[in-house]
Each structure stands twice: as structure tokens, then as C-alpha cells.
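Asker: Quick one, fold the following:
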Amino acid sequence: MEKPAKTDFPVVELVRDRWSPRAFSDYLPSFEELGSLMEAARWAASCYNGQPWRFILARKDQEELYKAIFGCLVDKNQEWAYQAPVLGILVVAKTFEHNGKPNPWRDFDCGLAMGQLALQAESLDLKVHMMAGFHKDKAKETFNIPEEFEPLVAFAIGKKGDPDTLPEELAEREKAPRERKNLKELVFGKEWGKPAEWLE
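Answerer: Down below sits the predicted model:
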């Protein structure tokens, strides 16, 4: 199933075609493919080149590690994420490494890294579904994450599968058209809330 974005302006195909399925096939990404995703994240821009992101990652054939990550997901995400051949948790460093001061841009930087990871995945015909729904405290305990780091988001990676393998409610959401706010609601000029002139 393809769900290309209906854009008002041209975008590259990787952006147009990226979306977050819940149904995954049983294709198991190679470690080389996963390495490419990690490289894409590694080369993302970050404040002071601090690279505050760290990844905990497991393929389904790494059973113990995979189950440990899966066990950190909330029940609603476990309903579909068991299909995913790869699960991961993105962890963020709270402070700058070079001076030990708090890094207020850490989440922004990690978002950039995940964005690049997702687009690299798209180039390999893989999909990434990011999840806010996971137990951070359980992740900290399970993986002995130091106090100066914070679990930020969980994610699933794989090739898209058959939506009809999902529970009915999730299958309907999977098949629904993709929607986004109009650019006029998002891009302003001098006056807050008023669309930029070139969008009128």
C-alpha cells in the first residue's frame, strides 16, 4: 500500500513517500541496512556538533534484546509493534559533553537525527514508526541508562506489511488518507497567525 503525500509544492520523493505504518512484513533488515540508518543519524546537524543521540537497537532474531525493548512499549503499541522486525529506543544526553552544561537544544538535535534516519530508511524501501508511547522509567531500569541520559522516543523499523493483519481499529487508521494542516496555518509573515503573503 502506497500513501504518497499530496503536496502543494514539489518535494523530493523520499519526503513525499515517507509515512509511519503499523503493519510490517516479516522482512528482516540486514545489519548493513541498519548501519546505513545509523550513519544517516550520525551525520545529522547538532548544536556544537554535540551529537546528543544514542540508540538501543535490536532485530527480532536478537530475541532477548528485542523482548526487552518490546517490554518497554505501552500496551496500545504492543498491539502492532510485535510485527516489526526491528525495535529501538532513542536516548538523549541531557548535557553538553564539552562543558557539562545543560543542552536546551538536545531534543531538537535528536529530532533531526531521527528525521535523517527515516529518510535513509525510505531510500532502502524501509519504514520507520516513531512512538511516544513507551515507559521511560522501565527503559532506564532495563538498560541501565545513566542519570545524565533520558529515553526520548521508541521506534519500529521494517518493510510495510498488510494492514488487514492489524486489529480492526488500527487497520482502518492504516488505510485512511494522510492529512496535514494547510501551509497557511503554519507559515506566517510579519503578523502572527496571518499566512505569509506568498501563500495567499
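Asker: excluding its backbone neighbours, what's nearest residue 80?
Answerer: Residue nearest to residue 80 in three dimensions, not counting chain neighbours: residue 22, with 4.1 Å by CB to CB, 6 or more residues apart in numbering. (Each C-beta comes from the backbone N, C-alpha and C, glycine too.)
Asker: Okay, the one you found and residue 71: tell me how far apart.
Answerer: 18 Å (CB to CB, to the nearest Å).
Asker: what sits up against stretch 141-154?
Answerer: With contact meaning CB atoms under 8 Å, 6 or more residues apart in numbering, stretch 141-154 is reached by 54, 56, 68-69, 71-73, 77, 87-95, 107, 110, 114, 130-134, 136, 139-140.
Asker: Emit the ChimeraX select command for whichever of these are buried.
Answerer: Applying 16 or more other CB atoms under 10 Å to the contacts of stretch 141-154, the buried members can be selected in ChimeraX as follows:
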select :56,68,69,72,73,77,87,88,89,90,91,92,93,110,114,130,131,134,136,139,140
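Asker: In strands only, show me the contacts of stretch 141-154.
Answerer: 54, 56, 87, 88, 89, 90, 91, 92, 93, 130, 131 (DSSP state E).
Asker: Could you list everything the third one pairs with in the sheet?
Answerer: Beta-bridge partners recorded for residue 87 (DSSP bridges): residue 58, residue 156.
Asker: That one contacts residue 70, doesn't it?
Answerer: Yes: using CB atoms under 8 Å, residue 87 is in contact with residue 70, at 6.0 Å.
Asker: list residues touching both of the two?
Answerer: By CB under 8 Å, 6+ apart, the residues touching both residue 87 and residue 70 are residue 81.
Asker: list the contacts for the residue sitting nearest the centre point of the chain?
Answerer: Nearest to the geometric centre of the chain sits residue 130, at 3.4 Å (CA atoms, centre = their mean). With CB under 8 Å, 6+ apart as the criterion, the residues that contact residue 130 are 20, 114, 118, 153, 154, 155.
Asker: again, 6 Å this time
Answerer: 153, 155 (CB atoms under 6 Å, 6 or more residues apart in numbering).
Asker: All the helices of this structure, residue numbers only.
Answerer: For the chain, the helices defined by DSSP state H occupy 13-17, 31-42, 63-70, 75-81, 106-123, 136-142, 168-175.
Asker: Distance from the helix or strand bottoming out on mean pLDDT in the chain to the middle of the chain?
Answerer: One helix or strand of the chain scores below all others by mean pLDDT, DSSP states H and E: helix 168-175, with a mean of 92. Averaging C-alpha positions (CA atoms, centre = their mean, to the nearest Å) puts helix 168-175 20 Å from its chain's average.
Asker: Nice, that's everything, thank you.
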